[in-house]
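> From the sequence below, what's the structure:
(one chain, ligands or ions: 2)
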Amino acid sequence: MSDIVWHQHSIDKQSRAEQKGQNPILLWFTGLSGSGKSTLAGALERALFDAGFHTYLLDGDNVRHGLCKDLGFSLDDRDENLRRVGEVAKLMVDAGLVVLSAFISPTREERERVRALFEDGQFIEVHVSTPIEVCEARDPKGLYSKARAGEIKDFTGISAPYEVPTAAELTIDTSKGDLTNQVRALLDYLAAIQVIDSEKLKAVV
Ligand SMILES: Nc1ncnc2c1ncn2[C@@H]1O[C@H](COP(=O)(O)OS(=O)(=O)O)[C@@H](OP(=O)(O)O)[C@H]1O
Ligand SMILES: Nc1ncnc2c1ncn2[C@@H]1O[C@H](COP(=O)(O)OP(=O)(O)O)[C@@H](O)[C@H]1O
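Ligands and ions are numbered 1, 2, ... in the order given. From the prediction side, this is the model:
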């Protein structure tokens with residue numbers, strides 16, 4: 001590592017962001033399988049995209065088809081999964097994008113490690129806090145029943161841990177209210193902390 005020197009290019013993060021007319025950020029959705037991470041992040045991305053923001057959504061299931069297809073669900077593999085995703089998200093924020101991510105990211109240490117890659121205020125943690133009973137009743141992929149039957153090992157919330165965030169910027173329980181209001185709460189928060197230009201949002205909200 002000591003023989004590798006960082007090359008400073010002439011176009012930097014700020015100029016890329018200015019060209020796009022937005023503040024790059026990472027919105028990190030964390031929560032149990034079935035809690036609603038992908039749905040919420042997808043609906044928020046749709047609202048931001050329609051309002052003219054340059055966005056990208058990194059989704060656990062999708063990333064595990066390519067970048068992380070060599071990884072399973074042991075704690076070490078999850079750490080490596082989230083390390084890679086954190087670095088990719090950092091490159092995307094550097095490119096000037098509004099990045100959303102939907103990963104279970106079960107431990108506080110992993111989430112704090114990703115947060116530490118970003119400048120203050122650029123990492124926004126959203127805890128999708130839907131209770132496990134609701135996630136299990138939804139069971140859209142049949143994974144909870146397989147986990148209960150012992151057919152999947154290390155399943156988050158059943159046979160592997162999920163550490164509840166203690167300092168998330170936002171907490172949303174998708175068993176209460178509806179998706180439209182949940183997305184509005186996210187947009188209101190982004191406008192309030194002034195990372196999102198509320199004038200731009202008026203077109204869609
Ligand atoms: N053992 C086990 N535990 C948890 N989840 C499992 C497991 N096996 C497969 N799946 C499916 O993988 C999706 C979670 O992948 P992530 O990359 O988000 O997980 S992690 O952040 O590395 O913990 C998760 O997707 P979501 O339901 O969208 O959360 C599951 O569909
Ligand atoms: N905001 C919501 N309100 C009500 N139900 C939801 C909401 N978001 C997701 N769901 C339900 O939960 C299921 C799992 O959602 P998903 O976004 O795939 O969760 P995750 O990405 O956390 O695994 C969906 O199939 C849907 O039935």
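> Could you pick out the residues of the chain near ligand 1 for me?
When proximity is defined as CB under 6 Å from any ligand atom, the chain approaches ligand 1 at 33-34, 38, 60-61, 64, 73, 78, 81-82, 103-106, 141, 143, 152, 154-156. Where you see a C-beta, it was placed from the backbone N, CA and C, and this is true even at glycine.
> Restricted to buried residues, select the residues you listed in ChimeraX.
The ChimeraX command for the buried members of the residues of the chain next to ligand 1 (criterion: 16 or more other CB atoms under 10 Å) is given here:
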select :33,34,38,60,64,73,78,81,82,103,104,105,106,143,152,155,156
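> Narrow the residues of the chain next to ligand 1 to those in helices?
Mapping the residues of the chain next to ligand 1 onto helices (DSSP state H) picks out 38, 60-61, 78, 81-82, 143.
> and those residues, which two are the farthest apart?
Pairwise distances across those (CB to CB) peak at 19.2 Å, for the pair Leu82 and Leu143.
> pLDDT on the strand or helix carrying Arg113, on average?
Secondary structure assignment for Arg113, by DSSP states H and E: helix 108-115. For helix 108-115, mean pLDDT rounds to 98.
> so how far is that helix from its chain's centroid?
12 Å (CA atoms, centre = their mean, to the nearest Å).
> And it, what does it pack against?
Judged by 3 or more CB pairs under 8 Å, 6 or more residues apart in numbering; DSSP states H and E, helix 108-115 is in contact with strand 25-31, helix 75-94, strand 123-128.
> could you check the angle helix 75-94 makes with that helix?
Angle between the axes of helix 108-115 and helix 75-94 is 20 degrees (criterion: axes from the mean of the first three to the mean of the last three CA atoms, to 10 degrees).
> what comes up buried for helix 108-115?
Buried residues in helix 108-115 (16+ other CB under 10 Å): 110-111, 114-115.
> By proximity to ligand 1, which residue of the protein wins?
Closest approach between the chain and ligand 1, counting by CB to the nearest ligand atom: Gly60, at 2.6 Å.
> can you map out the strands along the chain?
25-31, 55-59, 98-102, 123-128, 170-172 (DSSP state E).
> any residues touching the shortest one, and which ones?
Identification of contacts with strand 170-172 by CB atoms under 8 Å, 6 or more residues apart in numbering yields 36, 40, 124-129, 165, 182, 185-186, 189.
> Report the buried members of those.
Among the contacts of strand 170-172, those classed as buried by neighbour count (16+ other CB under 10 Å) are 36, 40, 124-129, 165, 182, 186, 189.
> filter these down to the ones near ligand 2?
36, 40, 182.
> and the residue nearest to the last one when sequence neighbours are not counted, what are its bridge partners?
The shortest distance from Gln182 to any non-neighbouring residue, by CB to CB, 6 or more residues apart in numbering, is to Ile172 (5.3 Å). Judged by DSSP bridges, the bridge partners of Ile172 are Val128.
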